[in-house]
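S.K.: After the sequence you'll find the predicted model.
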Amino acid sequence: MREGDGGHWDDYRFALAVFRAGTVSAAARRLGVDHATVIRRIDRLERHLGERLFHRRASGYVATEAGQAIAATADAVESAIINGQSVVGRSAARLTGTVRIGAPDGFGSAFLAPRLTGLVERHPDLDIQLVATARLFSLSKREADIAIGLSLPQEGRIVGRKLTDYDLKLYASPLYLRRFPAIASRRDLEGHRFIGYIEELLYTPELDYLHHVSPAISARLRSANLNAQLHAAVAGVGLAVLPCFMAADRRDLVCVLPDEVTLTRSFWLLMHADSRDLARIRAVAEHIYAVVERDREVFFGRR
């Protein structure tokens, strides 16, 4: 785009970043520039177009109708650029750039993080960002390049592939089991202390599983973070339903009713249709597929 056509592509890219991030400071961090540069670029684009693109509010920047139209245009241009880069990327000898992986806290921290060494060593110029937290990631808004989800989205231009099923079982610390009545069947669970999720903060229905263990139980301690639940169980706070890949190999946890209580969920690897063939994203996705396949047994508590 030439100056007379309504601004440079970079100006549209800055507007798109603000639209996605919602604040100038967050957009600046994503773009790797300072706060003032973002404001200057947005002001320049608004002058070129003769339109206000954002309402400036204390809580952030809110796109006007014109701003939403510009963001849609910029998103389409970005998609075309990504598709063009993917063709060149297939012949690139060295991978560069950033790939952000959004993953559930348990999978991201307990399984994936320790298995990124090979990827980092093979591609030393690649910047890997692992966001391991309990939330959904919007691939359409480019919050992540790759997302690990518990289900396949039904809407949007998202492509997905099933990584693996995984088992969850009931765990408690030896300390807890010594202090409280013995558990020989599901009927004995009533009256015991449980650890679980905060229901109104569940980001996906697949995590609402405590009632599947027994309708007579409820959590006394709740956390939106799976690692917090695990550590609370280790400390003897109560019983917790935990993924086998996090808990089965720990000596400070005991599996309770292993033959009666087993839940199964699935992990999916998700990418945006416009960027799935980009060389750097494809390399990271293939690495995740490979380590999951290699270590698949850990998802079922087997080594």
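M.R.: Done, it's in.
S.K.: Residue 236: how many residues sit nearby?
M.R.: Residue 236 has 17 neighbours, counted by other CB atoms under 10 Å. Quick note: C-beta positions are derived from backbone N, CA and C, even for glycine.
S.K.: Just confirm it contacts residue 179, I think it does.
M.R.: Yes - using CB atoms under 8 Å, residue 236 makes contact with residue 179 at a distance of 7.3 Å.
S.K.: quick one, what contacts residue 146?
M.R.: 99, 100, 101, 102, 269, 270, 271, 281, 284, 285, 288 (CB atoms under 8 Å, 6 or more residues apart in numbering).
S.K.: separation between the closest residue to the last one other than its chain neighbours and residue 210?
M.R.: If the residues on either side of it in the chain are set aside, residue 288 comes closest to residue 269, at 6.0 Å by CB to CB, 6 or more residues apart in numbering. Between residue 269 and residue 210 the distance, using CB to CB, to the nearest Å, works out to 27 Å.
S.K.: ok, now residue 151?
M.R.: Residue 151 is 19 Å from residue 210, where distance means CB to CB.
S.K.: Now do the buried residues in the one helix or strand the residue nearest to residue 288 maps to.
M.R.: Per DSSP states H and E: residue 269 is located in strand 263-272. Residues 263, 265, 267, 268, 269, 270, 271, 272 are the ones in strand 263-272 that count as buried (16 or more other CB atoms under 10 Å).
S.K.: swap in stretch 16-27?
M.R.: 16, 17, 18, 19, 20, 21, 22, 24, 26, 27.
S.K.: Off-centre distance for that stretch?
M.R.: 19 Å (CA atoms, centre = their mean, to the nearest Å).
S.K.: what's the span of it from first residue to last?
M.R.: Terminal residues of stretch 16-27 are spaced 9 Å apart (CA to CA, to the nearest Å).
S.K.: So which elements touch the longest strand seen in the chain?
M.R.: Identified as the longest strand of the chain according to DSSP state E is strand 158-172. Under the contact criterion of 3 or more CB pairs under 8 Å, 6 or more residues apart in numbering; DSSP states H and E, strand 158-172 touches strand 239-243, helix 244-247, strand 254-256, strand 263-272, helix 279-294.
S.K.: Can you spell out which helices and strands pack onto the second one?
M.R.: Under the contact criterion of 3+ CB pairs under 8 Å, 6+ apart, the helices and strands touching helix 244-247 comprise strand 158-172, helix 226-234.
S.K.: which one of these lies closest to residue 293?
M.R.: strand 158-172 (8.1 Å; CB to CB).
S.K.: got the CA coordinates for the closest one in PDB?
M.R.: Output of strand 158-172 as PDB, limited to C-alpha atoms (Å, rounded to 0.1, in the frame of the first residue of the first chain):
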ATOM      1  CA  ILE A 158      -9.900 -23.800  12.900                       C
ATOM      2  CA  VAL A 159      -8.300 -27.100  12.000                       C
ATOM      3  CA  GLY A 160      -7.600 -29.700  14.600                       C
ATOM      4  CA  ARG A 161      -6.100 -33.100  15.100                       C
ATOM      5  CA  LYS A 162      -6.600 -35.400  18.100                       C
ATOM      6  CA  LEU A 163      -3.400 -35.800  20.100                       C
ATOM      7  CA  THR A 164      -4.500 -38.500  22.500                       C
ATOM      8  CA  ASP A 165      -7.000 -39.600  25.100                       C
ATOM      9  CA  TYR A 166      -5.900 -39.400  28.700                       C
ATOM     10  CA  ASP A 167      -7.200 -40.900  31.900                       C
ATOM     11  CA  LEU A 168      -8.000 -39.200  35.200                       C
ATOM     12  CA  LYS A 169      -8.200 -41.000  38.500                       C
ATOM     13  CA  LEU A 170      -8.800 -40.200  42.200                       C
ATOM     14  CA  TYR A 171      -5.700 -39.400  44.200                       C
ATOM     15  CA  ALA A 172      -4.900 -38.600  47.900                       C
END
